[in-house]
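# how would this look folded up:
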Amino acid sequence: MEESKSGEMDAITHFIRENKFSEALAYCEEIELEANSSLDEALKSTQMALYLLLNDLIGARHFWRRLNSDEKLPESSIWRLWQAAKNLWKGEVREFFVSVEPFRSTELSELTYLIEGRVRASQMEKVEKSFRSISVAQLTELLNLDEKETLNCCQREKWRVDFSKSVPMVHVNRADLATKLTSESKMKDIENLSRYVAYFETMKANR
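Numbering: from 1, shown residues only. Coordinates of the predicted model:
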């Protein structure tokens, strides 16, 4: 049995290292469907982490509801990941980073860094759409990085940093923003919004 679980985790790890995250999640769900007993903690945690990485908060919610009550022990790995999912749903990005930080030193470290990277990319996109300029300190807080790492992000995005003022400012490069908002991406945004509205209604109905 242990050998079987080890083989399953090896297969999931292979998918992840090949950047086949959707395939890894589909395999996790297949294991869950065929399981005759409670899932192994590592498998559960990996499955929840993959929902976070793929920004599938609806899937995370339904997965949490499918777990038995004795699998939802406070302070367990799966419980902590569910707190992180709730943080994201509520837009509590700072709290999200606090929730996932302990996983940096666990077997989920690789997925954790990927999830944090996705959330930071989302934060950068929101800044690009909402600001013409923002202080370095504010951006550093939004990204949960130190100042040097934040400045590296600005350099990659070709955002100009002005240190001539008492408060260092980042000037957001919005020149290419219009080309990024293609009709295809707009349709994707609409689709995601519809899913999130449905999820919100589900949450209200189950209060």
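
# identify the bridge partners of the residue lying closest to residue 162 once chain neighbours are set aside.
Using C-beta to C-beta, 6 or more residues apart in numbering and skipping the chain neighbours, the partner closest in space to residue 162 is residue 169 (4.8 Å). Heads up, the C-betas are built off the backbone N, CA and C, glycines and all. Here residue 169 shows beta-bridge partners residue 135, residue 162, assigned using DSSP bridges.

# OK, contacts around residue 169?
Contacts for residue 169 (C-beta atoms under 8 Å, 6 or more residues apart in numbering) come out as 133-136, 161-162.

# so the closest residue to residue 47 other than its chain neighbours, which state does it fall into?
With C-beta to C-beta, 6+ apart as the measure, residue 28 is the residue that lies nearest to residue 47, at 3.9 Å, once sequence neighbours are left out. Classification of residue 28 into helix, strand or coil gives helix, according to DSSP: H, G, I helix; E, B strand; the rest coil.

# let me know the pLDDT of residue 28.
For residue 28, the model assigns a pLDDT of 96.

# number of nearby residues for it?
Counted by other C-beta atoms under 10 Å, the residues lying close to residue 28 total 24.

# in the protein, what spans have low per-residue confidence?
Segments of the chain classed as low confidence (criterion: pLDDT under 70) are 1-5, 175-207.

# against residue 173, how distant is the most far-flung residue of it relative to its centre?
In the chain, the residue that sits farthest from the middle, by C-alpha atoms, centre = their mean, is residue 164; the gap is 35.3 Å. According to C-beta to C-beta, to the nearest Å, residue 164 and residue 173 sit 18 Å apart.

# how about the helices of this protein, start to end?
Counting by DSSP state H, the segments of the chain that form helices are 2-17, 21-34, 41-53, 57-66, 77-90, 93-100, 109-130, 136-143, 147-157, 177-180, 183-205.

# excluding chain neighbours, give the residue nearest to residue 12 in space.
Counting by C-beta to C-beta, 6+ apart, the nearest residue to residue 12 once its immediate chain neighbours are dropped is residue 24, at 5.2 Å.

# list the contacts of that neighbour.
For residue 24, the set of contacting residues under the criterion of C-beta under 8 Å, 6+ apart consists of 12, 15-16, 46, 50.

# go again with 7 Å.
Counting by C-beta atoms under 7 Å, 6 or more residues apart in numbering, residue 24 makes contact with 12, 15-16, 50.

# now swap in residue 87 and tell me
Residue 87 touches 95-96, 99, counting by C-beta under 7 Å, 6+ apart.

# kindly indicate which of these lies nearest residue 75.
Proximity of these to residue 75, judged by C-beta to C-beta, is greatest for residue 99, which lies at 11.8 Å.

# show me the contacts for that closest one.
With contacts defined as C-beta under 7 Å, 6+ apart, the neighbours of residue 99 are 80, 83-84, 87.

# what about residue 111, distance to residue 24?
Separation of residue 111 from residue 24 (C-beta to C-beta): 9 Å.

# find the residues that touch each one of these two.
Common neighbours of residue 111 and residue 24 are listed as residue 16 (criterion: C-beta under 7 Å, 6+ apart).
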